[in-house]
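**Student:** Have a look at this prediction, sequence included:
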There are 2 protein chains.
Amino acid sequence: MTETPQAAFTCQDAQHHQNCISEALDRAELLCQQQQQRFTTIRRRVLELVWQQHKPIGAYEVLELLQQDGRTAPPTVYRALDFLQQLGLVHRIASLNAYVGCAHPGEPHDGQFLICESCKTLAELDVAAITCVIEKSAAESGFVTSRQTVEIMGLCPSCRKRSPA
Amino acid sequence: MTETPQAAFTCQDAQHHQNCISEALDRAELLCQQQQQRFTTIRRRVLELVWQQHKPIGAYEVLELLQQDGRTAPPTVYRALDFLQQLGLVHRIASLNAYVGCAHPGEPHDGQFLICESCKTLAELDVAAITCVIEKSAAESGFVTSRQTVEIMGLCPSCRKRSPA
DNA sequence: ATCTGGAACGTTATAATATAACACTATCTG
DNA sequence: CAGATAGTGTTATATTATAACGTTCCAGAT
């Protein structure tokens, strides 16, 4: 599977999505080994749940799903999400208070997100030109950038076709 | 007073800041007239409180300050903030769950924000180049943009000088 | 001047998101 | 095995936001 920015918008069928999930888990396992971090049952399970769809999922939704395996409390979920975030395996979407699997982990990064207002599907971009023009604009105000939140709402290709403006 | 993007970073003295506040209130009053909206006591007071500093303020902080004038409950604050947002008089900063006065109201817009991690001061940009490159990147994925959240954390000029990296 | 409809506000309760604090367990290291 | 550390369980609570419904206020019509 080749990772294009709009992969999330084209992954429609369940069969194919199994690949997304298992690849994400494999990458995560590898990354944890490299970083000497423990990929515990809970962390794996939470990552799997976050990857269930190409859509952001709330912490309490994850919690509910986790509770099907036994009793769990919010801190467990937040701890797992924090861990996964620190490793760059998931992103938190500030404008939605929700989490999404990272499309190309490897090292922590901010990323840019296209979020469909209709079907809620999210695609991650990592366009250098965006980062650059933002950094340049900030620099013009004498500001040094350390982190960028770029979340773009709109209509994805499929939804745009289905319900044209 | 000329509005430059980094105005927030250069407005240090209290005397000068009174201008920011009273100008904001005057602009708001005018805008409400034009839009045939009511600029009630509460709305004016909330806007004034949001403008107390060039820093985002939480809804519950506003509430506390409002309560010095008499008992008030959260919905009152949220309603005023929602109203002010709809008129483009304040912005909500998603990554902070906080609100800030809009530097150049007139019509609702998204804006881009530079937020100093050290002193918390926020400056609003409105750089067409940023909006454009984002829209262009989105379009390449067949995505149509309707709203952009751009929040940039880092160090403002003063704090950068004070505590160089 | 009064009536009236809708907007604004007051009030109570509660939803949704997130974290503090501390005890217990599992895993690694020597 | 002992001790240290990271991870998890558990309870309680903080923080942010909204639902629902009753009351008040105000602009425009009579």
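**Tutor:** The structure has been received and is ready for your questions. Numbers count the residues shown, from 1 in each chain, chains lettered A, B, ... in the order given.

**Student:** which bits of chain A sit near DNA strand D?
**Tutor:** For chain A, the contact set with DNA strand D under CB under 7 Å from any atom of the strand comprises A:37-38, A:40-43, A:71-76, A:79-80, A:83. C-beta: built from backbone N, CA, C; applies to glycine.

**Student:** so how far is stretch A:125-137 from its chain's centroid?
**Tutor:** 19 Å (CA atoms, centre = their mean, to the nearest Å).

**Student:** tell me the mean pLDDT over it?
**Tutor:** Average pLDDT, stretch A:125-137: 97.

**Student:** bridging residues for the closest residue to A:Cys156 other than its chain neighbours?
**Tutor:** Nearest residue to A:Cys156, sequence neighbours excluded (CB to CB, 6 or more residues apart in numbering or on different chains): A:Cys116, at 3.8 Å. With DSSP bridges applied, A:Cys116 shows beta-bridge pairing to A:Gly154.

**Student:** A:Cys116 and A:Ser158: what is the separation?
**Tutor:** According to CB to CB, to the nearest Å, A:Cys116 and A:Ser158 sit 8 Å apart.

**Student:** what sits in contact with each of these two?
**Tutor:** A:Phe9 (CB atoms under 8 Å, 6 or more residues apart in numbering or on different chains).

**Student:** between those two, which one's more packed in?
**Tutor:** Between A:Cys116 and A:Ser158, counting by other CB atoms under 10 Å in any protein chain shown, A:Cys116 is the more crowded of the two (23 against 16).

**Student:** thinking the more buried one is in contact with A:Leu155, fair?
**Tutor:** Yes - using CB atoms under 8 Å, A:Cys116 is in contact with A:Leu155, at 6.0 Å.

**Student:** Give me the common contacts of these two.
**Tutor:** By the contact definition CB under 8 Å, 6+ apart, A:Cys116 and A:Leu155 are jointly contacted by B:Phe143.

**Student:** what's the neighbour count on the closest residue to DNA strand D within chain A?
**Tutor:** Nearest residue of chain A to DNA strand D (CB to the nearest atom of the strand) works out as A:Thr40 at 3.1 Å. Residues near A:Thr40, counting by other CB under 10 Å, number 12.

**Student:** mind checking how far it is from A:Ala59?
**Tutor:** Applying CB to CB to A:Thr40 and A:Ala59 gives a distance of 18 Å.

**Student:** Thank you kindly, that will do.
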